[in-house]
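**Student:** output the structure for:
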Amino acid sequence: ASGSKTGDTARNQVILPRYQQALIGLGGPNGDLWYNPFGSHPQNDPAVIDWLRADGKWRAESKEHSLDLRFSRWFGQLPGGPVGLAAGVQYREQELEQWADELSQSGDLGTNPIPINADRDIFSAYAEFSLPLLDNLEAQVALRYEDYSDFGDTTNPKVALRWQAMDQLMFRGSWSTSFKPPSFYELYYPEYRTTDRYSDTVRCEYTGLPEDCERRLYPVRGAGNPELDPEEGESWFIGTVWTPSGALEGFEFQLDFWKFRHEDRVEWLSGQTVLDEGGSFGIIREPTEPDGTPGRIIEVQETYFNSDVLETSGFDTTLRYHWETERSGNFNASLMHTYIDEWVFTDTMPGDFFLNKNIAGHWWGVAVPRNRANINFSWDLGPHGASANIHYTGNYYNSDPLWVDGEPTEGFWRIGSHTTMDLQYRYTFESLRGATLRLGCTNVFDEDPPYVQYPVNEPMHDGRGRFFYIRWQQPIR
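**Tutor:** Residues are numbered from 1 along each chain as shown. Model prediction:
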C-alpha cells in the first residue's frame, strides 16, 4: 500500500465580490464602508480590510493498494536449455479524495477547486517465457492483460531476442506495446485562476505594438480534463554489447537505438507555446477587428489534452570499465549518454501546430534537450567507499524570442548547458549489522543553473546550489 497527502491554506485572500462592493462604498459588515485601493488619504478602515479577507483551504489524498500473486518455474527442454516461465496476477485499487472549503469552491477567492472522489480498480494477468532456442540465441515472449474499471481492458505483448554472436559480442532487440490511462490529477486537477505573462505573437505580426509584442499580464484559467483518453504506445529497441578480453578485460560498451510511437499521448501546452506557433487552442480573444487584426486576448486557458501521434527516437550509449587491485581496492568508471534524435508530432494537433516539426533540442511545454549524460567514478576498499558523479544537461532553445538591440528576432532564447558534480564517502560498520554512514555534497562547485526568462518552468536543472548531507542507514534484522 502507498499514498500521499497534500494540502494548501491560502491566507489573507481577497474575496472578489466583496472587493467590488467596497470600491463603490458598500463594503464592511454594515455595507456602508469604502475601500481605497491606494491605501492612504484617507486610510482604509480596519473593519473593511478584515471584511475583504479570508483564508481558503484545499487538500487532496491519494491511495493505492495492491495484491500480487507470482509463480515461476523451469520446464521442458529446447536446444539451448530448459524453458523458463514467470506468470502472475495483480489487483490494484487507486483512490483520490479532494476537498475544498465552500468559499474556495465558489470561485470568490480566484480559484475554483472542485471536490473529487475518484477511484479505479485494475486487474492484471501476465505470463513471460524465456526460450533458449539455441546455445547462443534466446527469445523472450510476454503478454500482459489489464482491465481498468474506468477505461476498459487492454492486452499488450512483448517479443525480444538476444543473440550471443561471439564470446565478446552480443546483439539484442525487442518490440512491445503499452497502455496508460490518465492519472486522476490529469483528469480532475482543480480549476484555478491566476495571471501570467505572455507575448501575443499572433497579434504582434499585425500591429507591431509594444503592448502586443512584449510580455504582459493576462488572466489565466487552468484545470484537469475529465474527457481525456488513455495513451497507447509502441516501442522498438535494437542494440549491441561488446565486452572485449585480453588487454581491455573489464571494459564494456553498449549502444542501443530506440524508437517510440505514442497515440493519444497526454500533453500540457502553455499558452505561450500556442501563441508562438500561431495557434488558437485555449486563447480566448475579443472579436476580430474590421481590418482582420485578431482581437486582444481576454483569457488564456491551459489544460491537458490528447495529442494524436508523437514519435520519438534516439540513442543510448554506455561505457563501463572495472579493475581490481590487491592493495588499493576496486575501481569503476562509467559514462551513460542519451541523444534524442527526433521528437515529432506526425498527426493532427489542436490547431495543427508542431505538425511534423522536430522539437528535439527545444522547449515546447517541457524541455527536450538533445544530450544528457552522467559520468560516475567509484572506489571500494573493505568498509570504505567513495564516488564522484558528474551530471550534464545539454543546451536547448525555449519559446522566448531572442532580442537584439531591444528588438525581437526570428531566433529563440538559448538555454545553456549545465554540468554539476556530486561527491560521497561511505563507511560500513560490520559490527553494527552492516550499518552505513554516508557523507556527501551535491553540486560541489555550486554551479548556478542557466538563465531562463520568466515564466518558463525549468525542470532540467536544480537551482538549490551546493549542499552537504549526512546519512545513517541501519539494518534492523
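**Student:** now Gln473. Nearest residue, chain neighbours left out?
**Tutor:** Nearest residue to Gln473 in three dimensions, chain neighbours excluded: Thr436, at 4.5 Å (CB to CB, 6 or more residues apart in numbering). For the C-beta atoms, the positions are set from N, CA and C on the backbone; glycine is no exception.
**Student:** in contact with that neighbour, which residues are there?
**Tutor:** Thr436 is in contact with 426-429, 471-473, counting by CB atoms under 8 Å, 6 or more residues apart in numbering.
**Student:** bridge partners for it, pull those for me.
**Tutor:** Counting by DSSP bridges, Thr436 is bridged to Thr428, Gln473.
**Student:** now Arg193
**Tutor:** Counting by DSSP bridges, Arg193 is bridged to Arg221.
**Student:** going forward, count from 594.
**Tutor:** Okay, residue one is now 594; in that scheme the one you just asked about reads as Arg786.
**Student:** you'd agree it is up against Ala816?
**Tutor:** No. The criterion here is CB atoms under 8 Å, and Arg786 misses it with Ala816 at 9.7 Å.
**Student:** pLDDT for the contacts of Thr1029 - can I get that in a markdown table?
**Tutor:** Formatted as a markdown table, the contacts of Thr1029 follow (pLDDT from 0 to 100):
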| residue | pLDDT |
| --- | --- |
| Arg1019 | 96 |
| Tyr1020 | 96 |
| Thr1021 | 95 |
| Phe1022 | 94 |
| Arg1064 | 96 |
| Trp1065 | 95 |
| Gln1066 | 93 |
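**Student:** including neighbour count and distance to Trp851, could those residues go into CSV?
**Tutor:** Formatted as CSV, these follow (neighbours: other CB atoms under 10 Å; distance: CB to CB, whole Å):
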residue, neighbour count, distance to Trp851
Arg1019, 19, 33
Tyr1020, 14, 39
Thr1021, 16, 37
Phe1022, 13, 42
Arg1064, 11, 34
Trp1065, 10, 39
Gln1066, 11, 35
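**Student:** tell me the one of the residues you listed nearest Ser980?
**Tutor:** Closest approach to Ser980 among those (CB to CB): Arg1019, at 7.8 Å.
**Student:** now do the SS call for the closest one.
**Tutor:** strand (DSSP: H, G, I helix; E, B strand; the rest coil).
**Student:** quick one: contacts for it?
**Tutor:** Contacts for Arg1019 were tallied using CB under 8 Å, 6+ apart; they are 977-980, 1029-1032.
**Student:** can you say which of these are buried?
**Tutor:** 978-980, 1029-1031 (16 or more other CB atoms under 10 Å).
**Student:** picking that back up, quick check: of the contacts of Thr1029, which lies closest to Leu662?
**Tutor:** Set against Leu662, the nearest of the contacts of Thr1029 by CB to CB is Gln1066 (31.1 Å).
**Student:** and the closest one, how far is that from Asn969?
**Tutor:** Applying CB to CB, to the nearest Å, the value for Gln1066 to Asn969 is 20 Å.
**Student:** quick one, phi psi at Asn874?
**Tutor:** Heads up, residue 874 is Phe, not Asn. Main-chain dihedrals, Phe874, degrees, to the nearest 10: phi -60, psi 120.
**Student:** count of residues packed around it?
**Tutor:** If you count neighbours by other CB atoms under 10 Å, Phe874 ends up with 19.
**Student:** and the helices in this protein?
**Tutor:** 609-616, 639-645, 695-699, 777-781, 794-800, 803-806, 864-869 (DSSP state H).
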